[in-house]
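A.B. asks: Next input, structure requested:
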Amino acid sequence: MSTPESILATYDRVGPAWATSRDRRLTERRWLDRMIAVAPHDRGKRRVLDLGCGSGRPIAEYLIDRGIAVTGVDGAESMIALFQSNLPNARSVRADMRRLDLGEKFDAILAWDSFFHLSPADQRAMFAVFAAHAADNAALMFTSGPDEGVSIGSVEGTPIYHASLSEAGYRHELEAAGFTVVAHKAEDPDCGDRTVWLARFTGV
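C.D. replies: As a prediction, the model looks like this:
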């Protein structure tokens, strides 16, 4: 049985195989472009904090190709090694997102297919981490489950933990942390049936 505490070890072990088989058609492109459009444009080169960055392909690679400075964060050693190999000019940080404290602000924060591996309690606590790293009017985008609950999926045949708050629960946490929802789509059929949240930081 997978637990939130086993996630990093799981990706450290099977992540390289997962990265090889990962779909790179970039069905996420439309949402990534929306995030870029929401992020502030008046401070020079935009900076994106990619939480749970994995190998960097295809998402961080796409953002960098758009002229964005990406800082990739992942707690799995093998994932950060792949990120550094694939994107040697990008900044990378090996860290558990739950305890991240970079002392910096970013124009956009992305937690794509990563945030939902945390327990419900840790997800709630992450909104303070998001806010601490958000510049004025920064974009925040993450994927979640469509409904409240816990489920066990698989990655490369290995059980993997997922959890989600309710839609009302996410809206409450976003508002309490100073974020305003810009767009939300449950099980978007044009994005692999992902449930996507896009918000703007307006301050607590």
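A.B. asks: Can you tell me the centre-most residue of this protein?
C.D. replies: The chain has residue 111 as the residue nearest its centroid, 0.9 Å off, counting by CA atoms, centre = their mean.
A.B. asks: Residue 51 is in contact with that one, correct?
C.D. replies: Yes: because the distance of 4.3 Å satisfies CB atoms under 8 Å, residue 111 is recorded as touching residue 51. Yep, even glycine has a C-beta here, placed from its N, CA and C like the rest.
A.B. asks: Quick check: neighbours shared by those two?
C.D. replies: Common neighbours of residue 111 and residue 51, using CB atoms under 8 Å, 6 or more residues apart in numbering, are residue 97.
A.B. asks: Residue 2 is in contact with residue 151, isn't it?
C.D. replies: No: using CB under 8 Å, residue 2 makes no contact with residue 151, being 10.2 Å away.
A.B. asks: Show me which of the two is the more surrounded one.
C.D. replies: residue 2 (18 against 12; other CB atoms under 10 Å).
A.B. asks: Can you give me the neighbour number for residue 82?
C.D. replies: Applying other CB under 10 Å, I find that residue 82 has 23 neighbouring residues.
A.B. asks: Any regions of this protein where pLDDT drops low?
C.D. replies: 204 (pLDDT under 70).
A.B. asks: max-length helix in it?
C.D. replies: helix 7-21 (DSSP state H).
A.B. asks: Tell me which residues are up against that helix.
C.D. replies: For helix 7-21, contacts defined as CB under 8 Å, 6+ apart pick out 2, 54-55, 57, 74-79, 82, 96, 117, 155-158, 160-161.
A.B. asks: go on, stretch 162-171?
C.D. replies: By CB under 8 Å, 6+ apart, stretch 162-171 touches 4, 116-120, 123-124, 144-153, 173, 181, 184, 186, 195, 197.
A.B. asks: Could you tell me the end-to-end distance of it?
C.D. replies: 19 Å (CA to CA, to the nearest Å).
A.B. asks: List the buried residues for that stretch?
C.D. replies: 162, 163, 164, 165, 167, 170, 171 (16 or more other CB atoms under 10 Å).
A.B. asks: Kindly report the same for stretch 86-100.
C.D. replies: In stretch 86-100, counting by 16+ other CB under 10 Å, buried: 86, 87, 90, 92, 93, 94, 97, 100.
A.B. asks: Out of those residues, which two are the most distant from each other?
C.D. replies: 86 and 100 (21.5 Å; CB to CB).
A.B. asks: hmm, back to that, counting only strands, which of the contacts of stretch 162-171 make the cut?
C.D. replies: 144, 149, 150, 151, 152, 153, 181, 184, 186, 195, 197 (DSSP state E).
A.B. asks: quick one: the closest residue to residue 29 other than its chain neighbours from residue 102, how far?
C.D. replies: Using CB to CB, 6 or more residues apart in numbering and skipping the chain neighbours, the partner closest in space to residue 29 is residue 62 (7.0 Å). Computed as CB to CB, to the nearest Å, the residue 62 to residue 102 distance reads 22 Å.
A.B. asks: neighbour count winner among the two?
C.D. replies: With neighbours defined as other CB under 10 Å, residue 62 and residue 102 compare such that residue 62 has more, 19 against 14.
A.B. asks: and residue 197, how many residues sit next to it?
C.D. replies: Residue 197 has 23 nearby residues by other CB under 10 Å.
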